[in-house]
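**Student:** The following block contains a protein sequence and its predicted model.
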Amino acid sequence: MTQPAIQPATERMLPTLTDLNRPYWTGGADGQLHVQYCDACSNWMLPPVATCPGCGGVPQFRPVSGRGTVFTYTTNHQPFHPKIPPPNLIAVVTLAEQDDLRVMTNLINCAEDDISVGDDVVVRFENHGEVYYPVFEPAEAGK
Amino acid sequence: MIDTPGKGAVISGLGISQIGRRTGISHLDNTLAASREAIADAGLTPADIDGITTMGDTPIAEAAQALGIEPSYRGGGISSGGLISPVMSAALAVCEGRARHVLIYRTIQMMGGDMISNAGHAPAAPEDSGFVDLAKSMGGIDEVIAANSFSAVNWLAMHCRRHMHLYGTTKEQLGWLAINSRRNAGLNPKAVYRDPMTMADYLAARMVSTPLGLFDCDVPVDGSIAVVVSAPEYAADCPKPAVRVEAVGTSPGDGGWFRRPDYPKMASADAGAELWRRTDLKPTDLDIAELYDGFTYLTLVWLEALGVCGAGEAGPFIEGAKRIALDGELPLNTYGGQLSAGRMHGYWVLHEACVQLRGEAGERQVAGSPEVAAVAVGGGPIAGCLLLTR
């Protein structure tokens, strides 16, 4: 039996936007995911920080490729939130830019049976007002 | 070896209230029942108690007044020792002479593990209660919630999936933990779920967050557990066999829920390593292990964190539930665990370790007079463990 593909969510409990995190959560308006990078340390970092933990410098937001791999995942079946019906596919994705650059996210346009740890995924955005929330779908789905 | 803070402190008194689901018994009544039992068990009266530490469920002022205690030492809340930080604080206080007998209690009312209901229903904690919002202690929780990932079951299911991917750990191996706990719960009159469970029962349970199903999750209950921690010299006067703190292990919780470089390891890995640095004892010296099981998978993680098993080896270790049975090489969660006895949020493991070390466990008593016990509590970025000896 084929599992139905999970669709984008219509509800989210999003973080309060601050000067520090706004570029990350709203940057997807241009279709790209924006992540902080420290030139001096040649290091990408998440979540947003005021100063680089390596050198104390100020890291700058830069667009990333939007490609990544599935690090781990789970299908939630429990209705924890009245407006967010299960099932939903929760995952940690490692961004292609750096092997310790992880985001917690949702996978869409696929079901658990379609994916495995290590699979290639690409970013898509869900628009919630000012926020463009990054979700991921299997890389082949966009072809 | 680094000498451990709190080493030599005596766990002199144990108390446990009625445990049950939706009992209608108030928070305070359960706290008082467990606390009075623990104080009497230690051979003391409320007037002897000069300190209280707690996670803050029943506010210290309220409990102290009702018990007739005037604690000069107060502490608690969650810190680097996780949910059993109040026990570690108490052990330190009695060793430093800041208190002689410290009461610690943990009282629970049907507490679940998700952020939505806990945020909505938790009463605001009074200033002096020592309460620290668990969510605030979890780095990166905003990003976790934004992923429509509201419960520890989701966060730990992902650790479990990664462990399965790396090491071939199986769902059935987790099932043996649930079955072992249910078997032990059958010998514990206080346990909530005591009917036998088979592997077929376990595998048939509805899925909650893949690969974790209903019987991978612990059982919310009402109840209270209290202990008295006394100064080392009280061992000679203690009416019951004195259980001593040999070492404690803690973690700063770096990396939060999904950014530890060594994921799927958790804070428990730091706590376990610290514990063994502070003692000459070795994992092979353990006679029993009482390891947190908010979810089956967490017990597996603690077996590896404490060095009972190497990384990735806990699955085969628990398979068949022979080694971890009451008559096995390392009896595990001998009271039935949170999975079957009830979710006392890390305090029943402590209580049971002491009961077993005293030889007071009745039908479920481990043979051979166990002398060394591991108590471990927590998951994700929250972890604390104790090595206890008799």
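**Tutor:** That came through fine.

**Student:** Can you pull out the low-pLDDT segments for chain A?
**Tutor:** For chain A, the stretches with pLDDT under 70 are A:1, A:141-143.

**Student:** Quick check: residue A:136 is in a strand.
**Tutor:** Yes. Under DSSP: H, G, I helix; E, B strand; the rest coil, residue A:136 sits within a strand.

**Student:** Identify the residue spatially nearest to it, adjacent ones excluded.
**Tutor:** With C-beta to C-beta, 6 or more residues apart in numbering or on different chains as the criterion, residue A:136 has its nearest non-adjacent residue at 4.0 Å, and that residue is residue A:121. All C-beta spots, glycine's among them, are computed from the backbone N, C-alpha and C.

**Student:** Got the confidence number for residue B:85?
**Tutor:** The model reports residue B:85 with a pLDDT of 94.

**Student:** so how far is residue B:64 from it?
**Tutor:** Between residue B:85 and residue B:64 the distance is 19 Å, computed by C-beta to C-beta, to the nearest Å.

**Student:** ok, the two, which is more surrounded?
**Tutor:** Taking other C-beta atoms under 10 Å in any protein chain shown, residue B:85 and residue B:64 do not tie; residue B:85 has more neighbours (25 against 20).

**Student:** partners of the closest residue to that one other than its chain neighbours in the sheet?
**Tutor:** Using C-beta to C-beta, 6+ apart and skipping residues adjacent in sequence, the residue nearest residue B:85 is residue B:79, 4.5 Å away. Beta-bridge pairing for residue B:79 (DSSP bridges): residue B:82.

**Student:** For residue B:79, grab the count of nearby residues.
**Tutor:** Close neighbours of residue B:79, defined as other C-beta under 10 Å, add up to 17.

**Student:** near chain A, which residues of chain B show up?
**Tutor:** Residues of chain B lying close to chain A by C-beta under 8 Å from any C-beta of the partner chain are B:114, B:116-117, B:140, B:142-151, B:153-154, B:157-159, B:161-162, B:165, B:206-212, B:257-259, B:261, B:263-264.

**Student:** and these, which are buried?
**Tutor:** For the residues of chain B next to chain A, a burial check counting by 16 or more other C-beta atoms under 10 Å in any protein chain shown picks out B:114, B:116-117, B:140, B:142-151, B:153-154, B:157-159, B:161-162, B:165, B:207-212, B:257-259, B:263-264.

**Student:** Can you tell me which of those end up in strands?
**Tutor:** Those of these mapping onto strands are B:207-209, B:212, per DSSP state E.

**Student:** any chance of those in TSV, with pLDDT too?
**Tutor:** Formatted as TSV, these follow (pLDDT from 0 to 100):
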residue	pLDDT
B:207	97
B:208	97
B:209	98
B:212	98
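
**Student:** need those in a markdown table with distance to residue B:98, can you?
**Tutor:** Formatted as a markdown table, those follow (distance: C-beta to C-beta, whole Å):
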| residue | distance to residue B:98 |
| --- | --- |
| B:207 | 49 |
| B:208 | 44 |
| B:209 | 43 |
| B:212 | 42 |
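
**Student:** if you look at the buried ones among the residues of chain B next to chain A, which of them are in helices?
**Tutor:** Using DSSP state H, the subset of these located in helices is B:116-117, B:142-146, B:153-154, B:157-159, B:161-162, B:165.

**Student:** wait, which of the residues you listed is closest to residue B:243?
**Tutor:** Residue B:243 lies nearest to residue B:159 out of those, by C-beta to C-beta, at 31.6 Å.

**Student:** who's in contact with the residue nearest to residue B:390 when sequence neighbours are not counted?
**Tutor:** Using C-beta to C-beta, 6+ apart and skipping the chain neighbours, the partner closest in space to residue B:390 is residue B:357 (4.2 Å). Residues counted as contacts of residue B:357 (C-beta atoms under 8 Å, 6 or more residues apart in numbering or on different chains) are B:241, B:243, B:288, B:370-371, B:373, B:388-390.

**Student:** and residue B:357, that's in a strand?
**Tutor:** No. Looking at residue B:357 with three-state DSSP, it is helix, so not inside a strand.

**Student:** Distance of it relative to residue B:240?
**Tutor:** Taken as C-beta to C-beta, the span from residue B:357 to residue B:240 is 10 Å.
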